[in-house]
Structure formats: structure tokens, C-alpha cells
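In: just coords:
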């Protein structure tokens, strides 16, 4: 599982703006398969997330985000698996057309391969699953004894 700590920077409606804390590879024992970059921000370590109830998320609150391995595998299949199937189906269809026509089988196979791959890629844009929030950390401006600080 990929996990990362974050801090709430702002709340707008149901959308949280988060600042990712620590390194992307904290706790990685090697061989993570690229999961370290799942929470990578666009150069500023920012991340946005939709939530059902944003009232509990005040700016300054710390969160722990997690992406489930099963959800990541399903997203990979939707992205890469469909493109692979499009490649194979397009190549097979091009080959069959070439054989039925009696000439240019190689060219038609190549055209089928390319068009099947591009068509499948167009309709299988993978979307990463939303991370779940494991737990809320301490509220901003509070001390460990539970007294609110000014």
C-alpha cells in the first residue's frame, strides 16, 4: 500500500487542498514498483482531494492518505490492459482483412495494430483511484493536553 502524510492547506466546498509532508519514498523497502510517485505533486508537493464532509478538515490539520494495492491493479488493467487488447484486436482484424483481400496483409495488419491501439488508448484513459483518509491528526493550534492555544 502506498501511504503518505499530508496537511490541509485549504478547503473550498468539498475539495481539500493538501500539502504533502515528508518524502515520497518514506518507508519504502525497495521494490515499491513506482508507488512512491503516486502522491507526487506538480513540483510543489500539492495535492487535491474531494471529500464528503469537509467540515472536519480545518487548515493545518494533518492527515494520512492511503492508496489500496487492489485499486491500483484495477486502474492499471483499465489503462494498460485495454490498450493491449486494442493492439491485439486491431492487428488480428487487419490480418484478416489482408487475407480476405488477398494482398497487402502486412500493411493492413500494421494499420489495424496502430488504429486498434490508438482507439483503445483514447477510451481507456486511466484515472487513479482517490486515496482514502486513514485518520485525522491533531487539530491546528492545539497542544497534546487538549487545551486550545491562542
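Out: Great, that's in hand. Please read all numbers here as calculations on a predicted model, not as lab measurements. Residues are numbered from 1 along each chain as shown.
In: quick one: low-confidence ranges for this protein?
Out: 1, 23-45, 125-128, 136-150 (pLDDT under 70).
In: From the centre of it, point out the most distant residue.
Out: Farthest-out residue of the chain from its mean C-alpha position, per Cα atoms, centre = their mean: residue 102, at 45.4 Å.
In: distance of that residue from residue 110?
Out: Distance of residue 102 to residue 110, given as Cβ to Cβ, to the nearest Å: 17 Å. Yep, even glycine has a C-beta here, placed from its N, CA and C like the rest.
In: same thing with residue 47?
Out: 41 Å.
In: So for those two, which sits in the more crowded spot?
Out: residue 47 (19 against 16; other Cβ atoms under 10 Å).
In: List the beta-bridge partners for that one.
Out: residue 18 (DSSP bridges).
In: For the chain, just list every one of the strands.
Out: Secondary structure of the chain (DSSP state E): strands at 2-12, 15-20, 46-50, 62-67, 132-136.
In: and residue 82, which of those is closest to it?
Out: Minimum separation from residue 82 across the strands of the chain (Cβ to Cβ) falls at strand 62-67, 20.6 Å.
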